[in-house]
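Asker: Please find the sequence and the predicted model below.
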Amino acid sequence: MRGPGLVGYLPIATTVIAIAFAARLFVRYRERGGTHHVWWIVGMLTYAAGTLTESLTTLIGWHEPIFRAWYITGALLGGAPLAQGTVYLLMKRRTANRLTVAVGTVVIVAAVCVILSPINYGGVEPYRLTGRVLEWHWWRRLHEIRSHRSSLRHRADRIDVHLRRLLLQHCASDCRITCGDSRIAPAK
């Protein structure tokens, strides 16, 4: 039986980075508030949970509860909380609340389907997680409901690029201040 290979260990690093990013978002939330920050924190934590399950699979092999947790945190919640944060940032609160209820309902129903679906153990790979082992395929149509928010996703991508740029600027400023370069003011 072959091990996971070097690439299999990348989720360990991404888990640490996601937790650090969530902590940074929490600091930003404490400074400025905003429901969108809360959703982005939740999104980074669910992303970290998803990569943690991949890390555990790399370290100890495939286990059914870890697989189901991976599917829920990765496939179902991978981008939804981050997108909801963007919805709260860009849209009226009433619209954002309605979308939260709609997306939340779809995610809950899909998560129940993941939990209840039988597993095809013949398709299990010892160190790799894949949704193909779920025997119920009909419920995946629920993903299509989520994916129809393409215009929101486009806006979320633009915001994501902006957030990454801000984060990099802030990190660079923190680094310059720490290193004693006082010519450059910290990002605000």
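Answerer: Nice, thanks for sending it over. Just so you know, these numbers come straight off a predicted model, no measurement behind them. Numbers count the residues shown, from 1 in each chain.

Asker: can you pull the pLDDT of the residue nearest the centre of the chain?
Answerer: Nearest to the geometric centre of the chain sits residue 47, at 3.0 Å (Cα atoms, centre = their mean). Note on residue 47: pLDDT of 94.

Asker: One more: residue 23?
Answerer: At residue 23, pLDDT is 96.

Asker: Doesn't it lie inside a helix?
Answerer: Yes - under DSSP: H, G, I helix; E, B strand; the rest coil, residue 23 sits within a helix.

Asker: picking that back up, so the residue nearest to the centre of the chain, which of the three states?
Answerer: The three-state label given to residue 47 by three-state DSSP is helix.

Asker: repeat for residue 62
Answerer: Residue 62 carries the three-state label coil when classified by three-state DSSP.

Asker: Verify the stated contact: residue 34 with residue 93.
Answerer: No - in this structure residue 34 lies outside contact range of residue 93 using Cβ atoms under 8 Å: 11.2 Å. Where C-beta positions appear, they are placed from N, C-alpha and C, glycine not excepted.

Asker: how much space is there between the residue nearest to the centre of the chain and residue 85?
Answerer: Computed as Cβ to Cβ, to the nearest Å, the residue 47 to residue 85 distance reads 12 Å.

Asker: between residue 34 and residue 93, who's got more neighbours?
Answerer: Remark: of residue 34 and residue 93, residue 34 carries more neighbours, 14 against 10, as counted by other Cβ atoms under 10 Å.

Asker: Now for the closest residue to residue 48 other than its chain neighbours, which secondary structure element holds it?
Answerer: Residue nearest to residue 48 in three dimensions, not counting chain neighbours: residue 18, with 3.7 Å by Cβ to Cβ, 6 or more residues apart in numbering. Using DSSP states H and E, residue 18 maps to helix 10-32.

Asker: so how far is that helix from its chain's centroid?
Answerer: Its chain's C-alpha centre and that of helix 10-32 lie 11 Å apart, by Cα atoms, centre = their mean, to the nearest Å.

Asker: what's that helix in contact with?
Answerer: Contacts of helix 10-32 from elsewhere in the structure, counted by Cβ atoms under 8 Å, 6 or more residues apart in numbering, are 37-38, 40-41, 44-45, 47-48, 51-52, 54-55, 58, 167.

Asker: Can you tell me which of those residues lies closest to residue 119?
Answerer: Nearest to residue 119 among those: residue 54, at 17.5 Å, using Cβ to Cβ.

Asker: All set, thanks.
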